[in-house]
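Chemist: fold the following, please.
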Amino acid sequence: MPELDAGMVRLLVFLGIFLLMSLAEVAWPRRKLSVSRKGRWPVNWAIVLLDTAIVRLLFPLGGVGLAVWAGQVDTGLLNQLELSPALEGGAAFLLLDLAVWFQHWAAHKVPLLWRVHQVHHADGDMDVTTALRFHPVEILLSFFWKGAVIIALGASPEAVLVFEIALNGTAMFNHANARLPGCLDSALRFLVVTPDMHRVHHSAARNETDSNYGFCLSVWDRLFRTYVRMPALGHQRMTIGLSPEKSRGARRLGWSLLLPFRDNGRNP
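Modeler: Okay, the predicted model is just below:
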């Protein structure tokens, strides 16, 4: 699968899901935002555009391109096994999602990784753009990690494309400031991470921040006992972010980009 085609598919799906989640936030908001979109979105989008430019400049192949290369040189675990395409794709999806869960857990537990990851948590509100707000250093580290896992697994280009689309889509979904009916939320979170489930992770309370690490599948938090069902203060009264000072600073691009180099946050 040509990388250009894969990139176009990802872009179209990304734009569609972003628009859908943005409309859902307007129609069925879960919480009243403390700062308007106008006050937060410019910086969050600037970070997204910077991340995209850096990755495309330094790693033009992308994840799908690495999967193509791994198949051509016949490297990786799955390339050595005789599995059906469906079984191979399912195994690749599960293992890639587990790798992302572990990376997110490590970002909270390893002090150097937390320095850059706190830029994501500094946002004082949580909406669809928070899903895209990651420091460029973290994006680069993430690409190296996922790239290494893709090559080690020998995941097919199709499986990588499906996983990346699902990961991006579910991240925007579970960061959205959108209200789901309680019964729908309860049903969905048996399989995927819902907005109410992930919002707990963005709590200012330390024990809640260190929970619900999943971006796509919810099974890993249940399996590793990091699942918290509800914030102690409830979704309306809970505080999102790290501190009032950092929430204010997060609305400035220069402050956000320099944060990891001047502040190590709390000790994870």
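
Chemist: for Ala176, give me its contacts.
Modeler: Residues near Ala176 by CB atoms under 8 Å, 6 or more residues apart in numbering: 21, 24-25, 127-128, 131, 195. Just so you know, the C-beta spots here come from the backbone N, C-alpha and C atoms, and that holds for glycine as well.

Chemist: does the spatially closest residue to it that is not a sequence neighbour lie in a helix or a strand, and which?
Modeler: Spatial nearest neighbour of Ala176, excluding adjacent residues (CB to CB, 6 or more residues apart in numbering): Met21 at 4.3 Å. Using DSSP states H and E, Met21 falls within helix 3-27.

Chemist: contact partners of that helix?
Modeler: Against helix 3-27 from outside (CB under 8 Å, 6+ apart): 60-62, 64-65, 68, 127-128, 157, 161, 164-165, 168-169, 172-173, 176-178.

Chemist: and what about the most far-flung residue of the chain relative to its centre, helix, strand or coil?
Modeler: Residue farthest from the centre of the chain, counting by CA atoms, centre = their mean, is Glu82 at 31.7 Å. Under DSSP: H, G, I helix; E, B strand; the rest coil, Glu82 falls in the coil class.

Chemist: quick one: it from Glu88, how far?
Modeler: Distance, Glu82 to Glu88, by CB to CB, to the nearest Å: 9 Å.

Chemist: farthest pair within the contacts of Ala176?
Modeler: Ala24 and Ala131 (13.4 Å; CB to CB).

Chemist: neighbour count: the two, which is higher?
Modeler: Neighbour count, other CB atoms under 10 Å: between Ala24 and Ala131, Ala131 has more, with 25 against 19.

Chemist: enumerate every residue touching the closest residue to that one other than its chain neighbours.
Modeler: Using CB to CB, 6+ apart and skipping residues adjacent in sequence, the residue nearest Ala131 is His175, 3.7 Å away. By CB under 8 Å, 6+ apart, His175 lies in contact with 126-131, 195, 198.

Chemist: from those residues, which land in strands?
Modeler: Among these, no residue falls in strands (DSSP state E).

Chemist: so which of these comes closest to Ile47?
Modeler: Lowest distance from Ile47 to the contacts of His175 (CB to CB) belongs to Thr129, with 9.1 Å.

Chemist: before we move on, back to that, report the distance from the helix holding Met21 to the chain centre.
Modeler: How far helix 3-27 lies from its chain's middle: 15 Å, per CA atoms, centre = their mean, to the nearest Å.

Chemist: what residues of the helix or strand harbouring His235 count as buried?
Modeler: Using DSSP H and E, His235 maps to helix 234-237. Counting neighbours by 16 or more other CB atoms under 10 Å, one finds that the buried residues in helix 234-237 are His235.

Chemist: give me the contacts around it.
Modeler: 30-31, 196, 199.

Chemist: helices - which of the residues you listed land there?
Modeler: 196, 199 (DSSP state H).

Chemist: could I get the contacts of helix 234-237 as JSON lines with neighbour count and pLDDT?
Modeler: Listed next are the contacts of helix 234-237 as JSON lines, based on neighbours: other CB atoms under 10 Å; pLDDT from 0 to 100:
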{"residue": "Arg30", "neighbour count": "18", "pLDDT": "96"}
{"residue": "Arg31", "neighbour count": "19", "pLDDT": "95"}
{"residue": "Asp196", "neighbour count": "22", "pLDDT": "97"}
{"residue": "Arg199", "neighbour count": "23", "pLDDT": "97"}
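
Chemist: please identify the buried residues of the helix-or-strand element of the chain with minimal mean pLDDT?
Modeler: The helix or strand of the chain with the lowest confidence, counting by mean pLDDT, DSSP states H and E, is helix 3-27 at a mean of 87. Buried residues in helix 3-27, counted by 16+ other CB under 10 Å: 3, 6, 9-10, 13-14, 17-18, 20-22, 24-25.

Chemist: same deal with stretch 218-225?
Modeler: Within stretch 218-225, the residues that qualify as buried are 218-221, counting by 16+ other CB under 10 Å.

Chemist: who's in contact with that stretch?
Modeler: With CB under 8 Å, 6+ apart as the test, stretch 218-225 has contacts from 97-98, 101, 105, 189-194, 197, 211-214, 226-227.
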